[in-house]
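> Pasting the sequence and the predicted coordinates here, then a few questions.
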Amino acid sequence: MEKIKFKVSTWLKSEELMKKVSSIFNIPIEERDADLILENQNFSLRYHPDDREFGFIFCKIYNVTIRNKLNSILSEYQE
C-alpha cells in the first residue's frame, strides 16, 4: 500500500480534483462531515477542507496497476 498526503491551494481545486478522479474511475463521491471521499477496492481518496481555504488530500493506493494513472492525476494538483 502506498500513502500520499499533500496540500492543494484552494477548496475549488480540491473539489475539482475529486470530481476528476470520480469521473475517470466512475466512483461516486461520498460526503462525511466536511470531507469528500472516494473509495473502492483499489484506492481511497479523501479531501479535507482547511479553515484557511486550502485543502488536504489523503490517498491510499492498494492496487499497483492503477498507481501510475492515479499518481499522474494527483501530481497536477500538488503544491
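Arrived safely.
> Provide the backbone phi and psi angles at residue 63.
Note on residue 63: its backbone torsions stand at phi -120, psi 120 [degrees, to the nearest 10].
> when you give positions from now on, start the count at 879
I'll keep to 879 as the first residue from here, and by that count the last item is residue 941.
> who touches the helix ranked longest in the chain?
In the chain, assigned by DSSP state H, the helix with the most residues is helix 889-903. With contacts defined as C-beta atoms under 8 Å, 6 or more residues apart in numbering, helix 889-903 is touched by 886, 905-907, 914, 916, 918, 920, 923, 925, 927, 931-933, 935, 944, 947-948, 951-952, 954-955. C-beta here means a position set from N, CA and C on the backbone, and glycine is covered the same way.
> what sits opposite residue 925 in the beta ladder?
Beta-bridge partners recorded for residue 925 (DSSP bridges): residue 914, residue 935.
> quick revisit: let me see the mean pLDDT of the longest helix of the chain.
Helix 889-903 comes out with an average pLDDT of 95.
> from the contacts of helix 889-903, which ones fall inside strands?
Among the contacts of helix 889-903, DSSP state E puts 886, 914, 916, 923, 925, 927, 933, 935 in strands.
> With pLDDT and neighbour count as extra columns, can I get the residues you listed in a markdown table?
Formatted as a markdown table, the ones in strands among the contacts of helix 889-903 follow (pLDDT from 0 to 100; neighbours: other C-beta atoms under 10 Å):
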| residue | pLDDT | neighbour count |
| --- | --- | --- |
| 886 | 94 | 23 |
| 914 | 96 | 21 |
| 916 | 97 | 20 |
| 923 | 96 | 25 |
| 925 | 97 | 22 |
| 927 | 94 | 17 |
| 933 | 94 | 24 |
| 935 | 95 | 22 |
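> Make JSON lines out of the residues you listed and add distance to residue 895.
Below are those laid out as JSON lines (distance: C-beta to C-beta, whole Å):
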{"residue": "886", "distance to residue 895": "7"}
{"residue": "914", "distance to residue 895": "10"}
{"residue": "916", "distance to residue 895": "10"}
{"residue": "923", "distance to residue 895": "8"}
{"residue": "925", "distance to residue 895": "7"}
{"residue": "927", "distance to residue 895": "12"}
{"residue": "933", "distance to residue 895": "8"}
{"residue": "935", "distance to residue 895": "7"}
